[in-house]
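Peer 1: Here's my sequence, what's the structure:
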Amino acid sequence: MPVTSPYGSITEAQLMPRLVKIGPRLYGAVFTLMKLLPAHYILQRAEERGELERDTVIVETTSGTFGLALAMQAALMRRKLILVSDPAIDINLYRRLTDLGATVEICREPAPVGGYQTARLNRLAEIRAELPDTFCPEQYDNPDNPTSYGVVADFLHRALGRVDCLVGPVGSGGSMCGTVRGLRERTPHTRAIGVDTHRSVLFGQPDGSRELRGLGNSLWPGNLDHSAFDEIHWTSAGEAYLSTRELHAEHALFQGPTSGAAYLVATWWADRNPDRTCVVMLPDEGYRYQATVYDDAWLRAGGHLPGDRPAEPYPVPGPDTAGDRWARFAWGRREYGDVPGAVPRSRTAAAATEGALS
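Peer 2: The predicted structure is shown next:
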């Protein structure tokens, strides 16, 4: 497992979250960059297994923070890194990646099926075929991803003892599935509430265009254990953005919109369960969003108006009835195929589980 040290590298120093009290029994697990944890652990384990030799090129497909985490770690390890992305990549993130020495390839056209994510996977396969020795972290299917979060479960248990509920956004499935698995080794009753966004295939909706990035997916990750979740919430981009601003205004926590989405759900649950201890995963800081989510003019231009957010989610009988606003569904720790209203897996782009996506 990753071990932090006060005298280690910047990645080691930022692996673990800070625990911040944001309600009577609600705590935020506040990360500077959550993806550092799996990136550090995956590369460390690969090196130990001999999969990462001196001349091995690290290759991955990403449009988000996992790429940044890999670039930071690869720079410290003096390893060559090639990242495959798409036009949605943030320009400031692109500059930071290249400044860290990463080569970033942009896929300009989406694939006919699976869109940009499939296009990125196809280009990744081409690069691997062209190079003599590569290693792909494959965060979405690599079991080292959820395993890396065992230290977070240990940390939360030591700090709080009994954790009754864990709330967090779901993208690769690693952080939520790995952390709740570790917590349930001590407290099997611990609830897991996953936060997704509409038109993400992760919990049974058909794939579609999504404004809210950093959670949700168009393909189905191998690391996503559906049976780990008691409840699923879907939030819109606007609801997540406004909650991100509230998290900052009321608690001085400067986080990104995936944190805002999780905070919205966690505060709702904590208010209704005041005698239970709840932890919400807040994945990364908000500096990438200063010109967007933290800009009032940008929010207004996108139709995201203050107060345009429901006080609570509406319960739905299945993923197919979740609509476009904040909704919740009792998943009940069931396998995907046992959930009514979930799009059959064979009809979703999620049937392809190879490779990492964001």
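Peer 1: what about residue 96, how many neighbours?
Peer 2: 16 (other Cβ atoms under 10 Å). For glycine as for every other residue, the C-beta is placed from the backbone atoms N, C-alpha and C.
Peer 1: Leaving out chain neighbours, which residue sits closest to it?
Peer 2: Excluding the flanking residues, the one nearest residue 96 by Cβ to Cβ, 6 or more residues apart in numbering is residue 68, at 6.5 Å.
Peer 1: Which pLDDT value belongs to the one you found?
Peer 2: Note on residue 68: pLDDT of 96.
Peer 1: can you tell me which residues contact it?
Peer 2: Neighbour list for residue 68: 33, 35, 93, 96-97 [criterion: Cβ atoms under 8 Å, 6 or more residues apart in numbering].
Peer 1: now, which of those sits nearest residue 191?
Peer 2: Closest approach between the contacts of residue 68 and residue 191, by Cβ to Cβ: residue 35, at 24.4 Å.
Peer 1: ok, that closest one to residue 62 distance?
Peer 2: Distance, residue 35 to residue 62, using Cβ to Cβ, to the nearest Å: 9 Å.
Peer 1: which residues in the stretch 251-358 of the chain form strands?
Peer 2: 278-282, 314-315, 327-329 (DSSP state E, counting those that start in this stretch).
Peer 1: distance of the residue nearest to residue 96 from residue 295?
Peer 2: For residue 68 relative to residue 295 (Cβ to Cβ), the value is 22 Å.
Peer 1: and if you look at residue 97?
Peer 2: On the measure of Cβ to Cβ, residue 97 and residue 295 end up 23 Å apart.
Peer 1: okay, the angle between the helix or strand containing residue 243 and strand 278-282?
Peer 2: Using DSSP states H and E, residue 243 maps to helix 237-251. Relative orientation of helix 237-251 versus strand 278-282 (axes from the mean of the first three to the mean of the last three Cα atoms, to 10 degrees): 110 degrees.
Peer 1: In three-state terms, label the closest residue to residue 334 other than its chain neighbours for me.
Peer 2: Closest residue to residue 334 apart from its sequence neighbours, by Cβ to Cβ, 6+ apart: residue 227 at 6.3 Å. Using DSSP: H, G, I helix; E, B strand; the rest coil, the structure places residue 227 in helix.
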